[in-house]
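> here is my input; please provide its structure:
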Amino acid sequence: MRIVVTGGAGFIGHHLCRNFLGRGDEVVCIDNFISSERGRIRPLQDEGKERFVFIEHNVCAHIKVDGVVDAVFHFASPASPIDYLNYPIQTLKVGALGTHNALGLALTKKARFLLASTSEVYGDPEIHPQSEDYWGNVNPIGPRGVYDEAKRFAEALTMAYHRTHGLQTYIARLFNTYGPGMRLEDGRAIPNFLRAAIRGEPLPVYGDGSQTRSFCYISDLVEGLIALSKSEVHDPVNLGNPAEMTIAELAEQVLKITGSGSCIEQRPLPQDDPKIRQPDIAKARALLGWEPKISVEEGLHQTAEDFQKRLSIGQK
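The predicted structure follows:
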């Protein structure tokens, strides 16, 4: 296959590119590095050689890809709160214009299209766990609304292309994902905690740490995305690990795994920060035969080793 990955230099995007190259596909990676890293491209070029093409481009402008395209995986978007709060307008534009252009490419090429959506479409949920039929509790004009509403619009546009043009589309609602290769300064809980613990600095816990999250290891997520892209399931599907824990519990586990003597430092809770987050993955289990295999403890060990190595040699 020949696959286009927008946001292919991002955390999940570059893992997807590696997976596709590893199975013998051709990959066209598109990124403008607004919230990703150039350093992720060189290993892909070395691994893929002539099967890997990189295009530096903002997908909010028309996307031109020569030749056959079998699938478009649309992952272009800031995803960490520090990124979409720093780039609110760009986040809204890539959710709207970027998704429109990526769908247009898929339609022109008669390719399958997979949208990376997010559990943030559920906002600060009033039901628990969150299933795909829940419409969410989102503050559209709050600071997080730029990301939440961008993804909600992207979902609506994707379904419109499916219904109007018969385009083969897929919507993955991704819950917190982690693993080797995350930016050290990503700003989300696991990178924050690992970086601080390894450096012997206080672990920043926002609020009292009672808010919950569910963390899915990157290899499990990639398998779920590929299973979804091969299916005939066109409504949104949750992909995440239903093993829920509090942020305080996560911090303690990171301290244990790293053997760090760091303390925990409480900080003010950001506005509209969700109190609970846990995916109901019954749909993915039933329709895709997918569920996570890697425990949080095992995944944290792998991620901690990667962070330790990169911190020791001064990488980002």
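
> how close does F75 sit to K109?
F75 is 17 Å from K109, where distance means Cβ to Cβ, to the nearest Å. Every C-beta, even on glycine, is put in place using the N, C-alpha and C of the backbone.

> between the two, point out the one with more neighbours.
F75 (27 against 18; other Cβ atoms under 10 Å).

> look up how far E297 lies from the residue nearest to that one when sequence neighbours are not counted.
Among residues not flanking F75 along the chain, G7 sits closest, at 3.7 Å (Cβ to Cβ, 6 or more residues apart in numbering). Applying Cβ to Cβ, the value for G7 to E297 is 29 Å.

> higher neighbour count, the two?
A count of neighbours by other Cβ under 10 Å puts G7 above the other of G7 and E297, at 29 against 11.

> need the pLDDT of the more buried one.
In this model, G7 is scored at 98, pLDDT.

> for it, what are its contacts?
Residues counted as contacts of G7 (Cβ atoms under 8 Å, 6 or more residues apart in numbering) are G13, I30, D31, S36, H74, F75, A76, S77, A116.

> keep only those of the residues you listed that are in strands.
I30, D31, H74, A116 (DSSP state E).

> residue contacts, the first one?
Okay, so that is I30. Going by Cβ under 8 Å, 6+ apart, I30 touches V4, V5, T6, G7, G8, F54, I55, E56, H57, V59, I63, A76.

> for F193, state which of those residues is nearest.
Within those, the smallest distance to F193 is 24.6 Å, found for G7 (Cβ to Cβ).

> roughly how far apart are the closest one and R213?
22 Å.

> SS state for I34?
coil (DSSP: H, G, I helix; E, B strand; the rest coil).

> OK, contacts around it?
N58, P78, D83, Y87, Q90.

> hang on, the first one packs against T6?
Read that as N58. No: N58 is beyond contact range of T6, at 10.1 Å (criterion: Cβ atoms under 8 Å).

> which residues do those two both contact?
Joint contacts of N58 and T6 (Cβ under 8 Å, 6+ apart) are G98.

> more neighbours: those two, which one.
Here N58 and T6 are compared on neighbour count by other Cβ under 10 Å; more neighbours surround T6, at 28 against 18.

> you'd agree that one is up against V65?
No: the criterion here is Cβ under 8 Å, and T6 misses it with V65 at 10.3 Å.
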